[in-house]
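Q: Take a look and give me a structure for this.
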Amino acid sequence: MSQKVRVRFAPSPTGPLHIGGVRTALYNYLFAKKNDGVFILRIEDTDQTRYVDGAEDYIKNSLDWLGLAPDEGPGYGGDFGPYRQSERKELYKQYAEELVAKGKAYYAFDTPDELDQMRKSYEAKGVHSAKYDSNTRNEMRNSLTLSESESQALIAANNNVIIRLKMPSNEEISFSDIVRSDVTFKTSELDDKVILKNDGMPTYHLANIVDDHLMEISHVIRGEEWLSSTAHHVFMYNALGWDTPKYVHLPLILKPTGKGKLSKRDGAKFGFPVFPMEWQDKKEDVLYLGFKEMGFDTDALLNFLVLLGWNPGNDEEILSRDKMIELFNLDKIVKSGARFDFDKAKWFNQSYIQKSNNEDLFPIVSSMLSEKEINVSENFIKQFITLMKERVTFFPDFYTEGEFFFNSPNEYDQKQVKKRYKPEMDTHFNRIISDINSVSGAEEMAAKVKGYLNENELKMGAYLPLLRIMICGGMKGPDLFEIINLIGSEEAINRIEKGLTSFQQITSNIS
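A: Predicted coordinates:
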C-alpha cells in the first residue's frame, strides 16, 4: 500500500502572503484533494527577529477567503501539532545533538567579529564571499579544532554556541525532483549551515526536515528558490536514517516583462496587486492593495494562478475548482518561469463574472450597494446585474460603471454635448418624453421612440446618443431603453428635462 499523501504549505509570518505563495498553497491543496490526502498549514516562525505581528492571521484569512482551508494547522486542529515551529522548540535540539553524535554536525563558537575577519582574510587572498565550509572550518573555533574540554566548557557557558552541519569535503548528494528529474550537488560547493542557534531555536533547515518527518509529509511542493537547500536536507535525512519525501520545486513567477522574479514592488510599478488581500505595512506606512479589494472572484484568481507553471494537457483555460482537482498532476508542472500577465488575470475575472448566475452575484452586489447607502428592491438589483455583468471586469465595476442606474448624473460629457446638441432639437426631445411616458417595457419604448425619429426623418445617431448622455452622463452603458425601463419613466423624464437645461447652458458657453 502506498504512503498516504500528506502535503504542507509552510509560510513564514514575516509579512503578507505573496501571490507566489498562494500558488504554492494551491498546488499543495489540489494535489491533496486529487489523492484523497491531507493539506497542512505549518507556520515556520523560527526566525523571531523577522516575525511581523498580524502576518499569521493574514495568511490564514487569505487561505480561508480563497477557499483553501487546511485540513490541519494552527486553528484548524490535527493530530500532528503543534503546527507553529516556535511551539515545537524542544523537539529540535535532540536531533541536532544526534547529528553531532554521528559526526554529521559540530558545535561552533565563533563570534560575529571572528566570522567577519575570516571573510576579510579570504577576500584579501582574492576569494570573495567565503563560506564556513570544509575549506575554512579547520581555521575557526569549533568542536573540530578545540579540545573536548575546551568545547565542553564553552557549551556549559553557552558562549556563542551554535550547531553546524559537517558537510563532506568531496562527495556528491543526489536526489530526484518530480519537475527537474535527477539533481546533483557537489558537497565542496555547500556550506556548513547553522541548524541550531544560540537561543536554542532551530534554523529553517533543521526544523523543516524534522517537522516534515514527524508530520509524515509525503511530498514537499515548494518554490524553486529552495532547490539549493535541498542537498543539505537530504544529507540530514540520510544521516538520521529517515526516508526523504518526494520533492517538487515549482518554477518562479516572473515579472510582466519576463525578466526576474515578481516582487511586491512590482505591484506598485505595474499597477496590480501581488497580495491576495490588502496589507498595511506599518514599517513602511504603505497600504498594499489586494486581489480581494480590487474585486476578484476567488475561483477566477485560482484559475489564473493554476496555469502559471502547470499545463492541464489540453486547450482548456476555464477550469472549475473540481476540474482543477480532477486534472491536476505533478508531472505537468513546467520547469521554466511563468510570466505574470495581469491582462490575462483580468480576462479570467471578467469571464467568471459573465458566466456567474445572478443568484451568486446578488449578495456581492447587494452588499456593495448597501455600503453606498443605496436601497433598491431585490428585483431591481437582479435586473441591474443582468444588464451590467457583461460589461464589468471587477466586482466594484458594477457600481463605478453603473452608478447612473441609482443616481441622476450631475455632470455630462461636454465634448459630446457641444458636438451633437442644438437647441432646435428640444421640440423632438419633448415628444420623446411623451412617448416614453405613454408605453411600458424596453421593446415598446424603443419601437415608439425610433418610430417617431424615422417618421420625422430624424437621425438616430443624432438623438439617441444625446438621450443616453441625459440618462447616463456619458456614452457608456448597456441598452439605453433597458436602462430607462429599469429606472422608470418618471425618473427618466426628470433626467431628460434636467439634461436639456444643462445642455443649453453648456452650448451657450461656446465662444
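
Q: any idea how far the residue nearest to Phe395 when sequence neighbours are not counted lies from Lys269?
A: Once flanking residues are discounted, Phe395 sits nearest to Gly295: 3.6 Å by CB to CB, 6 or more residues apart in numbering. The C-beta positions use only the backbone N, C-alpha and C, and glycine is treated the same way. Gly295 sits 21 Å away from Lys269, taking CB to CB, to the nearest Å as the criterion.

Q: Compare neighbour counts for the two and give me the winner.
A: Neighbours were counted for Gly295 and for Lys269 using other CB atoms under 10 Å; Gly295 has more, 18 against 10.

Q: distance between the least confident helix or strand in the chain by mean pLDDT and the chain's centre?
A: Averaged element by element with mean pLDDT, DSSP states H and E, the chain has its least confident helix or strand at helix 264-270 (a mean of 85). Relative to the chain's own centre, helix 264-270 is displaced by 13 Å; criterion: CA atoms, centre = their mean, to the nearest Å.

Q: got the buried residues for it?
A: Neighbour counts using 16 or more other CB atoms under 10 Å place Lys264, Asp266, Gly267 of helix 264-270 among the buried residues.

Q: and the gap between Pro70 and Ile40?
A: Computed with CB to CB, the distance linking Pro70 and Ile40 is 6 Å.

Q: Could you find the closest non-adjacent residue to Val286?
A: What sits nearest to Val286 in space, not counting adjacent residues and going by CB to CB, 6+ apart, is Gln280, at 7.8 Å.

Q: Who are the packing partners of the host helix or strand of His205?
A: Secondary structure from DSSP states H and E places His205 in helix 204-214. Applying 3 or more CB pairs under 8 Å, 6 or more residues apart in numbering; DSSP states H and E, one finds that helix 204-214 makes contact with helix 89-101, strand 194-196, helix 230-240.

Q: what's around the nearest residue to Phe272 once chain neighbours are set aside, how many residues?
A: Computed as CB to CB, 6+ apart, the closest residue to Phe272 that is not its neighbour in sequence is Phe342, at 4.3 Å. Residues lying near Phe342 (other CB under 10 Å) number 16.

Q: for Phe342, phi and psi?
A: In this entry, Phe342 is assigned phi and psi values of phi -70, psi -30 (degrees, to the nearest 10).

Q: Next up, the contacts around it.
A: For Phe342, the residues meeting the contact criterion (CB atoms under 8 Å, 6 or more residues apart in numbering) are Pro256, Phe270, Gly271, Phe272.

Q: I'd like the average pLDDT over the helix or strand where Phe31 lies.
A: Here Phe31 sits within helix 19-34, counting by DSSP H and E. The average pLDDT within helix 19-34 is 98.

Q: helix or strand right after it?
A: Per DSSP H and E, helix 19-34 leads on to strand 38-41 as the next helix or strand towards the C-terminus.

Q: export that next one as CSV, just CAs?
A: Provided in CSV are the C-alpha atoms of strand 38-41 (Å, rounded to 0.1, in the frame of the first residue of the first chain):
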residue,chain,number,x,y,z
VAL,A,38,-4.3,15.9,3.8
PHE,A,39,-3.4,19.6,3.2
ILE,A,40,-1.5,21.1,6.2
LEU,A,41,-0.7,24.6,7.2
